[in-house]
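Chemist: Got a predicted structure here, sequence first:
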There are 2 protein chains.
Amino acid sequence: MSPQRRSGLGTNQEAIRRHNLGTVLRHVHGAGQISRAELTSRTGLNRSTIAGLVGELESLGLSERTSPVEGVRQGAGRPSAGVRIAADGPYVIAVDLGVDRAVVARTGLGGRVLQRAHAAVDSDGEAWQVGAAVAALIRTVVEDAPASAPLVGIGISVPGLVRRSDGLIRLAPNLEWHDVSFGGIVLAALGLDVPVCLANDADLGALAEHTRGAGVGTGELIYVSGNVGVGAGIITGGQRLEGAGGYAGEVGHLRFNPDGRPCHCGSRGCWETEVGAHAIAAAIQCPPDKVAQLDEVLDGFDTPSAALRSTGTALGQGLASLVNMFNPQMVVLGGYFRSLYRLVAAEVDAGLVDRALPAPLESVTLSLPGLGSDSPLLGAAEIALEPLFTDPVAALGTALVDVQGRLAG
Amino acid sequence: MSPQRRSGLGTNQEAIRRHNLGTVLRHVHGAGQISRAELTSRTGLNRSTIAGLVGELESLGLSERTSPVEGVRQGAGRPSAGVRIAADGPYVIAVDLGVDRAVVARTGLGGRVLQRAHAAVDSDGEAWQVGAAVAALIRTVVEDAPASAPLVGIGISVPGLVRRSDGLIRLAPNLEWHDVSFGGIVLAALGLDVPVCLANDADLGALAEHTRGAGVGTGELIYVSGNVGVGAGIITGGQRLEGAGGYAGEVGHLRFNPDGRPCHCGSRGCWETEVGAHAIAAAIQCPPDKVAQLDEVLDGFDTPSAALRSTGTALGQGLASLVNMFNPQMVVLGGYFRSLYRLVAAEVDAGLVDRALPAPLESVTLSLPGLGSDSPLLGAAEIALEPLFTDPVAALGTALVDVQGRLAG
């Protein structure tokens, strides 16, 4: 922890003020609506400082005041006035790039989806074609945006390994992409210059579930995503576990069965060869062109076949490795694992209990995502909003207004 | 991140001052000796604040001043005076409890081992017998301690799962201990009342290697320990990954070979059944009574047998799962893996390269421990010293002086 600076030059004080401004905004964003008294309590800042910061957020168009609620009194004091996210404030574009389709949402503070669109993606298409399709969706979702509302940035969820330093997609196996600068491709297709950030879909699923899904307040969480490939996003100590380059969480390539099937990674018997979409599709005779919609196919089943039950066992046994390794409080099952778990919960639970050590098993809960299938999308919104919580003044300085006019021009 | 508090009541200011005092002491502890200018630069506190804090550390008997070194000038200013750890300052007792022996060290700030002792431990003995043996070693290492030097606490490294909330040993498989309050047993055998903290040996190995071993400055580090059982300590974002209860890092029970040998955990084919000490001992016809000294047995080999080479491959393949999962910068091979790696480095490297994904493989280095076999011992010292870095005044308030007299009485 860095020490609390008690004195400094003017620039330091300005940096601290902006940091505090962003911290207050993060609390309003997390809660949607919050009283000043609660902000005082959560931040440790005093009432007059909070009043000043809230006033500045309001003048920046980031928040609005709400009336004090009668009856909600803090001790003997006056009822505390409230703060909520501004109605026509800044927004971001969140993109969930899947293997067969892309979902795009204009999203405001508080995680509010304001407008959304989706389209099929040709997984054999080249990156520039997919980029053009995503850009078209972005044009659609900004159509009804107020001209005065600033676009802060674009966040993109990617089914693959993303280098943290520059957002390069190192590998998206099911799109057959290697070293693709997809962020630049989308910006070029739009003709816009705004901040764009990319991250792995499971990492973003974990972030969203931790911020506003099933795992709010859960410092140790794993989001395991079945999404053609299998990956995990890990929250530990309340923070994303990213690893040295941003590639942490590739649990699909845990060694699971050394005599198993070859994996696309070049290895053999990875966990993904047992619980990945292709393995499950083969087990249930799902046609290859439906693999990317495995969740919908699974939702059509009433009773699981022996093959599906066996997949459930393998899912639980692999989760046991994660539980032994990370000792999480919660494991969230995302992607088609949502649908699979509904069918074979007993087998998943039994596989987990069979292989996990008793001590870490005690405290873990399996959960479905609180945000349904939107976790990666809302995680993409979170990373695009992040600059507003670091320094709102700077983030608004680089934001674009009249986006629709610029896109038309 | 919590906001920087810019105002508050007197109690807040006192808390901030103590926090800053601990932060400065942590820097002196890490460096052993450091200039005031460097402290200013590392903490962001201004020169007069640093001067005040350094003076207070000195008056608390925690540090000493060193003369300014001629030629070491900060810009155009005067040569900066230095600070180093006080010679007869506070100390802690570090205990490395192994399966067959215990090592105990009186350790000062800066990680200096001042006196050490070890003894055989009967792994069939009951916890109170082991506790009595450890207490006898503690009596030995405090014999030459100055009566005025305060004992801050005891840190114990345990070959098993330790509950973070209260230090209960939930399971130490090779000692056959379940739910043992070993800290309390040692204190009772000593007749002392000082803070005692326990943690898993691999977790402490990771902490020590990160603080003053091979991984200084490495934010993403895994210390994998072969120590009869196999476990890992994980540093991510510069912090220990502990999990919900403190049990994270049980990599020995990663599923490795579903058709493999039964594991003592009740499962089958865990990684530990392939690279654990019993597996290796069987592979090299090592007699059972030598398993706990496997490192020495391995050091006697010049050329590896085919069985050892195959174990090296299994070690590398399992490390690949860790690399895929955590994307570390460094993997430190501790315990008997140090000796094994010297013999079969080529096989370990090949197993790793074969199974790791290219992106996380790029940035990872395999390393031997910088602290030799002392990593868990010095990690135990670190956790016992920790209260001094949180609040030195409070830690000294609960410390004991004249420990030898108290033990004699």
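Modeler: Arrived safely.
Chemist: make it CA atoms for all contacts and neighbour counts henceforth
Modeler: OK.
Chemist: Which residue ranges of the stretch 251-400 of chain A form strands?
Modeler: Taking DSSP state E, counting those that start in this stretch as the criterion, the stretch 251-400 of chain A carries its strands at A:330-335, A:365-367.
Chemist: what do you get for the stretch 51-200 of chain A?
Modeler: Listed from the start of the chain, the stretch 51-200 of chain A has strands (DSSP E, counting those that start in this stretch) covering A:63-66, A:82-85, A:91-97, A:101-108, A:113-120, A:151-158, A:161-162, A:169-172, A:177-180, A:196-200.
Chemist: now these in JSON lines, with mean neighbour count and mean pLDDT?
Modeler: As requested, those are arranged in JSON lines below (neighbours: other C-alpha atoms under 10 Å in any protein chain shown; pLDDT from 0 to 100):
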{"stretch": "strand A:63-66", "mean neighbour count": "19", "mean pLDDT": "92"}
{"stretch": "strand A:82-85", "mean neighbour count": "23", "mean pLDDT": "92"}
{"stretch": "strand A:91-97", "mean neighbour count": "28", "mean pLDDT": "98"}
{"stretch": "strand A:101-108", "mean neighbour count": "24", "mean pLDDT": "97"}
{"stretch": "strand A:113-120", "mean neighbour count": "17", "mean pLDDT": "96"}
{"stretch": "strand A:151-158", "mean neighbour count": "28", "mean pLDDT": "98"}
{"stretch": "strand A:161-162", "mean neighbour count": "28", "mean pLDDT": "96"}
{"stretch": "strand A:169-172", "mean neighbour count": "20", "mean pLDDT": "95"}
{"stretch": "strand A:177-180", "mean neighbour count": "16", "mean pLDDT": "96"}
{"stretch": "strand A:196-200", "mean neighbour count": "26", "mean pLDDT": "97"}
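Chemist: can you list the residues of the stretch 251-400 of chain A near chain B?
Modeler: Contacts of the stretch 251-400 of chain A with chain B, taken as C-alpha under 8 Å from any C-alpha of the partner chain, map to A:251, A:253-258, A:265-267, A:317-318, A:321, A:324-329, A:354-355, A:357, A:359-360, A:363.
Chemist: low pLDDT regions in the stretch 301-409 of chain A?
Modeler: Counting by pLDDT under 70, the low-confidence segments of the stretch 301-409 of chain A come to A:409.
Chemist: picking that back up, tabulate the strands of the stretch 51-200 of chain A (CSV), appending distance to chain B.
Modeler: Compiled in CSV, those are given as follows (distance: least, C-alpha to the nearest C-alpha, whole Å):
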stretch, distance to chain B
strand A:63-66, 19
strand A:82-85, 19
strand A:91-97, 20
strand A:101-108, 23
strand A:113-120, 27
strand A:151-158, 15
strand A:161-162, 8
strand A:169-172, 7
strand A:177-180, 10
strand A:196-200, 13
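Chemist: Looking at those strands, spot the one closest to A:G30.
Modeler: With C-alpha to C-alpha as the measure, strand A:82-85 is the member of the strands of the stretch 51-200 of chain A nearest A:G30 (9.9 Å).
Chemist: hmm, back to that, deepest in the core, which of the strands of the stretch 251-400 of chain A is it.
Modeler: Here the criterion is mean neighbour count by mean count of other C-alpha atoms under 10 Å in any protein chain shown, and of the strands of the stretch 251-400 of chain A the winner is strand A:330-335, at a mean of 26.
Chemist: pull the CA atoms of that one into CSV?
Modeler: Taking Å, rounded to 0.1, in the frame of the first residue of the first chain, the C-alpha atoms of strand A:330-335 are listed here in CSV:
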residue,chain,number,x,y,z
MET,A,330,-17.6,-18.9,-5.7
VAL,A,331,-17.3,-20.5,-9.1
VAL,A,332,-19.7,-19.0,-11.7
LEU,A,333,-20.6,-21.3,-14.6
GLY,A,334,-20.9,-19.1,-17.8
GLY,A,335,-21.4,-19.7,-21.5
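Chemist: strand partners of it, parallel vs antiparallel please.
Modeler: Pairing partners of strand A:330-335, with direction, according to DSSP bridges: strand A:221-227 (parallel), strand A:365-367 (parallel).
Chemist: That strand: how far from the chain's middle?
Modeler: When C-alpha coordinates are averaged (C-alpha atoms, centre = their mean, to the nearest Å), strand A:330-335 and its chain have centres 13 Å apart.
Chemist: picking that back up, could the strands of the stretch 51-200 of chain A go into TSV alongside distance to A:G405?
Modeler: Output for the strands of the stretch 51-200 of chain A, formatted as TSV (distance: least, C-alpha to C-alpha, whole Å):
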stretch	distance to A:G405
strand A:63-66	25
strand A:82-85	25
strand A:91-97	16
strand A:101-108	16
strand A:113-120	18
strand A:151-158	13
strand A:161-162	32
strand A:169-172	30
strand A:177-180	29
strand A:196-200	20
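Chemist: can you tell which of the ones you listed is closest to B:E296?
Modeler: With C-alpha to C-alpha as the criterion, B:E296 lies closest to strand A:161-162 of the strands of the stretch 51-200 of chain A, at 41.7 Å.
Chemist: Please work out which residues outside that closest one touch it.
Modeler: Contacts of strand A:161-162 with the rest of the structure, by C-alpha atoms under 8 Å, 6 or more residues apart in numbering or on different chains, involve A:168-172, A:198-200, A:246-247, B:359.
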